[in-house]
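Visitor: here is a sequence together with a model predicted from it:
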Amino acid sequence: MSLHRRAFLTAAAVAALRPWRVDAAGWRAGVATVDITPKTSLWMAGFAARTQPAQGTAQPLHAKALAIEDARGRRLVVVTLDLLGVTGAMAARIGTAVRARYQVPRERLLLASSHTHSGPVVDTQLLVAYDVTPRQIADIEAYTAWLEGQIVDVVGAALKALAPATLHAGETTTGFGANRRVQYTPEGPVDHRVPLLRVDVGGTPRAILFSYACHNTTLQASNVEWHGDYAGVAQAAIEAAQPGVTALFMTGCGADINPKPRGTVADVEQHGRALAKAVTGAMGSLPPITGDTRAALEFVELPFEKALSPDEWKQRFGLADPYVARHAQLMDTMRARDGKLPASQPIPLQVWRFGRAITLVALGGEVVVDYALRLRREHPDDHVWPVGYANDVFGYVPSRRVLQEGGYEGGGALLYYGRPGPFDATVEDRIFEALERLLRQTR
Ligand SMILES: [Zn+2]
């Protein structure tokens with residue numbers, strides 16, 4: 001008895017001296033990075049005002065994968081991308097390949113984007129906004145196919161690197177995001193929180209996953225070099241300050257939020273360093289987390305109010321040619337191909353739980369901040385981590401308030417996304433009804 005007791009005490013004392021050996025939670029984790037900077041000049045995503053393709057690289061763009069396995073062997077893989085966003089078609093192809101090659105179910109793969117406006121156009125995303133030639137479209141298609149292969153491979157590399165790990169979670173804040181719908185509300189809502197997940201392997205931090213709810217639009221249409229915007233600066237600064245750590249950025253629900261001030265390289269450096277400082281300042285003191293992972297994914301149909309005519313787009317949202325004309329042409333092509341225009345848009349809604357410590361709620365589209373604020377208000381005990389731009393960036397997702405106010409995020413932007421009209425008044429209700437269901441399912 002006493003011998004056993006002494007052996008136990010010795011083991012306990014060793015564990016106390018070497019806290020990194022405490023892996024009772026049974027996590028394993030792996031991380032991998034790949035450079036996805038286009039090797040040729042491509043059209044740049046996000047600003048319709050650009051008149052030329054990329055002229056070089058100011059900062060490389062990356063795809064990063066973080067794989068996490070719980071004690072029961074269930075895996076989650078988040079991929080963060082220095083891109084405006086992936087399309088639903090890309091996510092479906094990548095999801096199918098990841099399931100086939102690595103047996104990771106679709107609900108356990110999350111494709112998140114920084115929404116940088118200084119990355120390449122992918123797939124058919126926002127083609128109404130760009131003055132591109134058939135040759136440039138062919139280059140975009142070739143890049144997209146290559147990119148999808150890189151993403152599938154980086155998921156495999158992260159899974160291959162799985163090793164015993166500890167997870168630590170918490171939150172910090174930063175303050176440069178400002179609500180940009182000043183014509184409706186001068187001091188509109190913002191979400192300054194920066195949720196954090198730190199992964200240690202062998203007692204050493206190896207990855208930090210973080211998010212902020214703000215457009216990566218510090219650099220504007222005048223910039224024609226590849227750049228990750230403030231998120232790119234923040235990730236690079238964290239990785240420089242913490243050698244061996246991979247920094248992975250996701251965008252929160254910041255569709256109506258812009259960095260302030262914006263426009264210059266000095267601004268983008270300032271915001272990126274502010275975010276990096278907040279993250280590195282907080283990441284050392286995060287408590288460890290335990291528990292099982294749970295995941296659910298559902299596609300919910302969001303109805304369009306109706307298909308608008310070119311004149312209606314012009315009058316209601318103040319839009320102009322060539323975009324209205326290009327959109328009308330696309331609608332004609334879709335009608336000829338499918339016999340009709342779509343009546344609704346599927347939005348992917350994904351919930352991941354890490355025990356009781358984190359409930360990651362990832363929504364497709366450009367989601368306005370009202371969703372994050374309501375989620376956290378209505379679920380104060382769930383430690384909700386809201387993520388936007390996830391799995392399919394198909395257009396803006398307005399709240400009831402933003403929809404009623406109108407304007408760009410309230411419906412006008414859907415023209416550039418090649419959708420037939422603005423969303424109807426039910427979208428917020430439909431999304432929350434589904435989210436409540438997913439939160440219950442995973443509880
Ligand atoms: Zn946007």
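Guide: Noted; the coordinates are in hand.

Visitor: when you work out contacts or count neighbours from here on, use the C-alpha atoms and nothing else.
Guide: OK.

Visitor: helices of this structure, residue ranges please.
Guide: With DSSP state H as the criterion, the chain has helices at 2-17, 88-102, 134-160, 229-241, 265-283, 310-317, 323-338, 369-378, 400-405, 413-416, 427-441.

Visitor: with just CA atoms, put the shortest one into CSV.
Guide: Just to be clear, that refers to helix 413-416. Listed next in CSV are the C-alpha coordinates belonging to helix 413-416 (Å, rounded to 0.1, in the frame of the first residue of the first chain):
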residue,chain,number,x,y,z
ALA,A,413,-23.8,43.9,-53.2
LEU,A,414,-25.7,40.8,-54.4
LEU,A,415,-25.6,42.2,-57.9
TYR,A,416,-21.8,42.0,-57.9
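
Visitor: export stretch 32-50 as CSV, just CAs?
Guide: This file holds the C-alpha atoms of stretch 32-50, laid out as CSV (Å, rounded to 0.1, in the frame of the first residue of the first chain):
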residue,chain,number,x,y,z
ALA,A,32,0.9,22.8,-41.8
THR,A,33,1.3,25.8,-44.1
VAL,A,34,1.6,26.1,-47.9
ASP,A,35,2.3,29.2,-50.0
ILE,A,36,-0.6,29.9,-52.3
THR,A,37,0.7,33.1,-53.9
PRO,A,38,-0.2,33.0,-57.6
LYS,A,39,2.9,32.4,-59.7
THR,A,40,1.4,34.4,-62.6
SER,A,41,-0.4,37.7,-62.8
LEU,A,42,-4.1,37.2,-62.1
TRP,A,43,-7.0,39.5,-61.5
MET,A,44,-7.3,40.6,-57.9
ALA,A,45,-10.4,40.0,-55.8
GLY,A,46,-12.6,42.5,-54.0
PHE,A,47,-12.5,45.9,-55.6
ALA,A,48,-14.5,46.5,-58.8
ALA,A,49,-12.6,49.7,-59.4
ARG,A,50,-9.3,47.9,-60.3
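
Visitor: only the buried residues of it, if you could.
Guide: By 16 or more other C-alpha atoms under 10 Å, the buried positions in stretch 32-50 come out as 32-34, 36-38, 41-48, 50.

Visitor: for stretch 205-222, same thing?
Guide: Buried residues in stretch 205-222 (16+ other C-alpha under 10 Å): 205-221.

Visitor: count of residues packed around the spatially closest residue to residue 189 that is not a sequence neighbour?
Guide: Closest residue in space to residue 189, ignoring its immediate chain neighbours: residue 179 at 6.2 Å, by C-alpha to C-alpha, 6 or more residues apart in numbering. Counted with other C-alpha atoms under 10 Å, residues neighbouring residue 179 total 22.

Visitor: identify the bridge partners of residue 179.
Guide: For residue 179, the beta-bridge partners under DSSP bridges are residue 257.

Visitor: and the gap between the residue nearest the centre of the chain and residue 265?
Guide: Closest residue to the average C-alpha location of the chain: residue 112 at 3.1 Å, with C-alpha atoms, centre = their mean. Going from residue 112 to residue 265 by C-alpha to C-alpha, to the nearest Å gives 25 Å.

Visitor: for the closest residue to residue 412 other than its chain neighbours, give me the pLDDT.
Guide: Excluding its sequence neighbours, the residue lying closest to residue 412 (C-alpha to C-alpha, 6+ apart) is residue 317, at 5.3 Å. Note on residue 317: pLDDT of 97.

Visitor: from memory residue 317 sits against residue 410, does it?
Guide: No: between residue 317 and residue 410 there is no contact under C-alpha atoms under 8 Å: 9.2 Å.

Visitor: higher neighbour count, these two?
Guide: Ranked by neighbour count (other C-alpha under 10 Å), residue 317 and residue 410 place residue 410 first, with 23 against 17.

Visitor: what's the nearest residue to the more buried one if we skip its chain neighbours?
Guide: Nearest non-adjacent residue to residue 410, counting by C-alpha to C-alpha, 6+ apart: residue 403, 4.4 Å away.

Visitor: and that neighbour, how many neighbours does it have?
Guide: Around residue 403 there are 21 other residues, counting by other C-alpha under 10 Å.

Visitor: likewise residue 123?
Guide: Other residues lying near residue 123 total 20 when counted by other C-alpha under 10 Å.

Visitor: likewise for residue 282?
Guide: For residue 282, the count of nearby residues is 16 (other C-alpha under 10 Å).

Visitor: what's the residue nearest to residue 189 in contact with, if anything?
Guide: By C-alpha atoms under 8 Å, 6 or more residues apart in numbering, residue 179 lies in contact with 187, 188, 189, 190, 256, 257, 258.

Visitor: tell me which of those residues is nearest to residue 398?
Guide: For those, the minimum distance to residue 398 (C-alpha to C-alpha) is 9.1 Å, reached by residue 256.

Visitor: my read: that closest one touches residue 177, true?
Guide: No: the criterion here is C-alpha under 8 Å, and residue 256 misses it with residue 177 at 9.7 Å.

Visitor: which neighbours do the two have in common?
Guide: By C-alpha under 8 Å, 6+ apart, residue 256 and residue 177 have these common neighbours: residue 214.

Visitor: okay, the two: which has more neighbours?
Guide: residue 256 (28 against 21).

Visitor: ok, now how distant is that one from residue 100?
Guide: 37 Å.

Visitor: spit out the contact partners of the residue lying closest to residue 273 once chain neighbours are set aside.
Guide: Closest residue to residue 273 apart from its sequence neighbours, by C-alpha to C-alpha, 6+ apart: residue 234 at 5.6 Å. By C-alpha under 8 Å, 6+ apart, the residues touching residue 234 are 271, 272, 273, 274, 275, 276.

Visitor: let's see 6 Å
Guide: 272, 273, 275, 276 (C-alpha atoms under 6 Å, 6 or more residues apart in numbering).

Visitor: how many neighbours does the nearest residue to residue 182 once chain neighbours are set aside have?
Guide: The spatially closest residue to residue 182, leaving aside those adjacent along the chain, is residue 188, at 7.0 Å (C-alpha to C-alpha, 6+ apart). Residue 188 has 15 neighbouring residues, counting by other C-alpha under 10 Å.

Visitor: just the one 3 residues further on next, same as before
Guide: Under the neighbour criterion other C-alpha under 10 Å, residue 191 is assigned a count of 22.

Visitor: check the gap between it and residue 35 for me.
Guide: Taking C-alpha to C-alpha, one finds residue 191 at 30 Å from residue 35.

Visitor: pLDDT weak spots in the stretch 201-350 of the chain?
Guide: Judged by pLDDT under 70, the stretch 201-350 of the chain has no weakly predicted residues.

Visitor: return the member of the contacts of residue 234 nearest to residue 26.
Guide: Of those, the one sitting nearest to residue 26 (C-alpha to C-alpha) turns out to be residue 276, at 29.2 Å.
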